[in-house]
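1. missing the sequence, but the structure's below:
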């Protein structure tokens with residue numbers, strides 16, 4: 001059974017930092033590209049960052065480039081998201097999942113999602 005447990009969210013001020021963690025179980029993340037997504041109130045869930053399983057290369061949404069860094073620890077089956085220079089528009093619930101390459105984009109591998117972790121940035 002695939003499960004994700006996200007942690008590390010909280011309330012921070014504009015310009016602050018947080019480090020999120022996602023512990024996966026039920027599969028080995030070493031076989032997959034891994035991702036972070038976020039969903040703000042009243043908005044669709046959006047893909048924020050992806051890290052490949054092959055060479056560890058990364059891709060980011062334009063809105064977070066230069067501020068967020070995705071990393072992975074295959075031995076711990078855990079993915080991380082380091083966030084700096086946080087802005088109020090980063091306020092959302094953050095989720096992780098695995099990704100499958102599909103042409104020039106990605107398709108989320110699993111239908112199941114974790115509870116997410118809430119990030120709130122005050123202005």
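-> Happy to help now that I have it. Note that the coordinates shown come from a computational prediction; the quantities given were computed from them, not determined experimentally.
2. Per-residue pLDDT of residue 63, please?
-> Residue 63 is assigned a pLDDT of 97 by the prediction.
3. Tell me the secondary structure at it.
-> Three-state assignment for residue 63 (DSSP: H, G, I helix; E, B strand; the rest coil): coil.
4. That one and residue 85 touch, don't they?
-> No: taking contacts as C-beta atoms under 8 Å, residue 63 lies outside contact range of residue 85: 11.9 Å. The way it works is simple: take the backbone N, C-alpha and C, and place the C-beta from them, glycine included.
5. who touches the residue most central in space within the chain in this structure?
-> Closest to where the C-alpha atoms of the chain average out (C-alpha atoms, centre = their mean) is residue 36, at 1.8 Å. If you count contacts by C-beta atoms under 8 Å, 6 or more residues apart in numbering, residue 36 has them with 20, 22, 47-49, 68, 70, 79, 81, 94-96.
6. So what are the sheet partners of the longest strand seen in the chain and their directions?
-> Assignment by DSSP state E gives strand 92-102 as the longest strand of the chain. Strand 92-102 has its sheet partners listed here by DSSP bridges as strand 33-39 (antiparallel), strand 105-108 (antiparallel), strand 117-122 (antiparallel).
7. And those strands: which comes nearest residue 10?
-> strand 117-122 (7.1 Å; C-beta to C-beta).
8. Let me know the average pLDDT across that closest one.
-> Mean predicted lDDT for strand 117-122 stands at 98.
9. got a list of contacts for that strand?
-> Outside strand 117-122, the residues that touch it by C-beta under 8 Å, 6+ apart are 6-14, 16, 18, 20, 38, 83, 86-94.
10. hmm, which of those are the buried ones?
-> Among the contacts of strand 117-122, the ones that count as buried by 16 or more other C-beta atoms under 10 Å are 6-9, 12, 16, 18, 20, 38, 83, 86, 90-94.
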